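Peer 1: pasting the sequence and the predicted coordinates here, then a few questions.
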Amino acid sequence: MLDSFDFNLADVLWPVAVLAIGFFLYQALQKAFDLSNKKKSSLMLQKQITNIVFILLLIIIFVIALPIKDSIKNQIISLIGIVLSASIALSSATFLGNIMAGIWLRSVRNFRMGDFIEVKDMFGRVSGRGLLHTELQSIDRDLITLPNLFLATNPVTVMHSDGTIISTQLSLGYDVDHTVIEPLLLKAAEAAELDKPFVYIDSLGDYSIVYKVHGLAKDLKTTLSARSTLNKCVLDALHKADIEIVSPTFMNQRQVNEQVFIPKQRKQQAKKESDSPEDVIFDKADKASKLDEMTQQHEDLLERMEQAKEAIKNAENKEVEQELKESYEKLKTREKQMSEFLESKSEEISREGKEGSSDKPQE
């Protein structure tokens, strides 16, 4: 085995030089990333990939520089290649699957930024889309990261862009006729500003009838508030009609001395103007939706610039050409401003909710 090595001083210096140069280059690379990280805080992934590739290349160059026979060098390099190939093969199934699923989801276009979607037990608004994952902002304002492969292999419910049906149900005793209840529930849905309301008698229980009132909420951004508003309007409509919303078996449980369980009406105080809950809950998703719309406007602007270029080439005379060039310069200035704004906003939104992560730049 020892005859494979050549201990000439000149040959031994090459591996040492490779390690020394590699060490200094690695330190310089880290300083370069640290300087860039102060300006842009989303370089953690690029830094990790670059370090892995650099160390792998350094190992291969070190093996080549070793004073050993070429056959042994080839065996070591082959072993490194086998280990690397096995690692990639074991991890590529999920990795490539997420990439293909991301491409498929974008080609199908079943949802976009800002849409409300539900998959399994998770409901939220789309706040980010990538090649490997999709980000949802839940009703608790938290961010949920879902692999694209998970979305591609599970049924995804997307709220209709023209509006969604919201509903609420309640049970009332058999002593109140349904012809009295149904108009009141329809009136409550109209008071909640729902379109095309309708009422179902959902089931007939042993002690009560279960009613369910539905209505079309056209403003998807206020869906959560609309459900709460519908419940309030149902309470108000039934109580104003002197109809108790109480279990029919309640009187059999304790003595209440014929008390009627309808709250006394009070003067309504003026409502203070305030933001809807959705503005707080889905703040990041709302920003991402607006950014997506602005990105589409930017693409339209680029298309107009291309059309302006063609018009300049086909100008009839110098005066028309000069006017078209001035118009093109205005478009170019606007495109530059929009591009810078989109870049800064995109980075800001991608960092939002993740300021505590390890890639936050240190001050």
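Peer 2: Ah, there it is. On a predicted model such as this, the values are computed, not experimentally measured, just so you know.

Peer 1: so which helix or strand takes in Leu136?
Peer 2: Counting by DSSP states H and E, the element that carries Leu136 is strand 133-138.

Peer 1: next one: Ala285
Peer 2: helix 283-313.

Peer 1: counting contacts, what elements does the strand holding Leu136 pack onto?
Peer 2: Contacts defined by 3 or more CB pairs under 8 Å, 6 or more residues apart in numbering; DSSP states H and E place strand 133-138 against helix 70-108, strand 122-129, strand 143-147, helix 148-152, helix 283-313. C-beta coordinates here come from the backbone N, C-alpha and C atoms, glycine included.

Peer 1: now with 7 Å?
Peer 2: strand 122-129, strand 143-147, helix 148-152 (3 or more CB pairs under 7 Å, 6 or more residues apart in numbering; DSSP states H and E).

Peer 1: tell me the angle that strand makes with strand 143-147.
Peer 2: 150 degrees (axes from the mean of the first three to the mean of the last three CA atoms, to 10 degrees).

Peer 1: quick one: strands adjacent to strand 133-138?
Peer 2: Looking at strand 133-138 with DSSP bridges, its partner strands are strand 122-129 (antiparallel), strand 143-147 (antiparallel).

Peer 1: low-confidence ranges in the stretch 251-363 of the chain?
Peer 2: Residues of the stretch 251-363 of the chain that meet the criterion pLDDT under 70 lie in 251-283, 350-363.

Peer 1: what about the strands in it?
Peer 2: In the stretch 251-363 of the chain, no strands are defined using DSSP state E, counting those that start in this stretch.

Peer 1: do a quick rundown of the helices in it.
Peer 2: 277-281, 283-313, 318-351 (DSSP state H, counting those that start in this stretch).

Peer 1: the last one to strand 133-138, inter-axis angle?
Peer 2: Angle of helix 318-351 versus strand 133-138, following the same axes, to 10 degrees, is 70 degrees.

Peer 1: ok, back up a step: out of the helices and strands packed on strand 133-138, nearest to Gln30?
Peer 2: strand 143-147 (27.9 Å; CB to CB).

Peer 1: in JSON lines, list the helices of the stretch 251-363 of the chain along with distance to Lys47.
Peer 2: Shown next, in JSON lines, are the helices of the stretch 251-363 of the chain (distance: least, CB to CB, whole Å):
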{"stretch": "helix 277-281", "distance to Lys47": "34"}
{"stretch": "helix 283-313", "distance to Lys47": "25"}
{"stretch": "helix 318-351", "distance to Lys47": "16"}
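
Peer 1: would JSON lines of those with mean neighbour count and distance to Leu96 be doable?
Peer 2: Putting the helices of the stretch 251-363 of the chain into JSON lines (neighbours: other CB atoms under 10 Å; distance: least, CB to CB, whole Å) gives the following:
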{"stretch": "helix 277-281", "mean neighbour count": "15", "distance to Leu96": "35"}
{"stretch": "helix 283-313", "mean neighbour count": "15", "distance to Leu96": "26"}
{"stretch": "helix 318-351", "mean neighbour count": "13", "distance to Leu96": "24"}
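
Peer 1: out of these, which is closest to Lys196?
Peer 2: Of all the helices of the stretch 251-363 of the chain, it is helix 277-281 that lies closest to Lys196, at 22.4 Å by CB to CB.

Peer 1: domains for the chain, by residue range?
Peer 2: Domain assignment for the chain, taken from automatic domain parsing, gives 2-68, 164-279.

Peer 1: can you tell me which of the helices of the stretch 251-363 of the chain comes nearest to Ala20?
Peer 2: helix 318-351 (37.6 Å).

Peer 1: now do that closest one: distance to the chain's middle.
Peer 2: 27 Å (CA atoms, centre = their mean, to the nearest Å).

Peer 1: then stretch 207-214?
Peer 2: With CA atoms, centre = their mean, you get 37 Å for stretch 207-214.

Peer 1: stretch 227-243 too?
Peer 2: Distance, centroid of stretch 227-243 to centroid of chain: 36 Å (CA atoms, centre = their mean).

Peer 1: mean confidence (pLDDT) on that stretch, please.
Peer 2: For stretch 227-243, the mean pLDDT works out to 88.

Peer 1: for stretch 183-199, same thing?
Peer 2: For stretch 183-199, the mean confidence score works out to 90.

Peer 1: ok, and for that stretch, which residues are buried?
Peer 2: For stretch 183-199, the buried set under the neighbour-count rule, 16 or more other CB atoms under 10 Å, comprises 184-189, 191-192, 194, 197, 199.

Peer 1: what lies in contact with that stretch?
Peer 2: 182, 211, 213-218, 226, 229-230, 233-234, 237-238, 241 (CB atoms under 7 Å, 6 or more residues apart in numbering).

Peer 1: pull out the buried members of these.
Peer 2: By 16+ other CB under 10 Å, the contacts of stretch 183-199 give 182, 211, 213-217, 226, 229-230, 233-234, 237-238 as buried.

Peer 1: which elements pack onto the helix or strand hosting Leu13?
Peer 2: Using DSSP H and E, Leu13 sits within helix 9-39. The contact analysis (3+ CB pairs under 7 Å, 6+ apart) places helix 9-39 against helix 44-65.

Peer 1: list the buried residues for the helix it packs on?
Peer 2: Quick answer for helix 44-65 (16+ other CB under 10 Å): 47, 58, 62-63, 65.

Peer 1: which elements pack onto that helix?
Peer 2: Contact analysis of helix 44-65 by 3+ CB pairs under 7 Å, 6+ apart lists helix 9-39, helix 70-108 as its packing neighbours.
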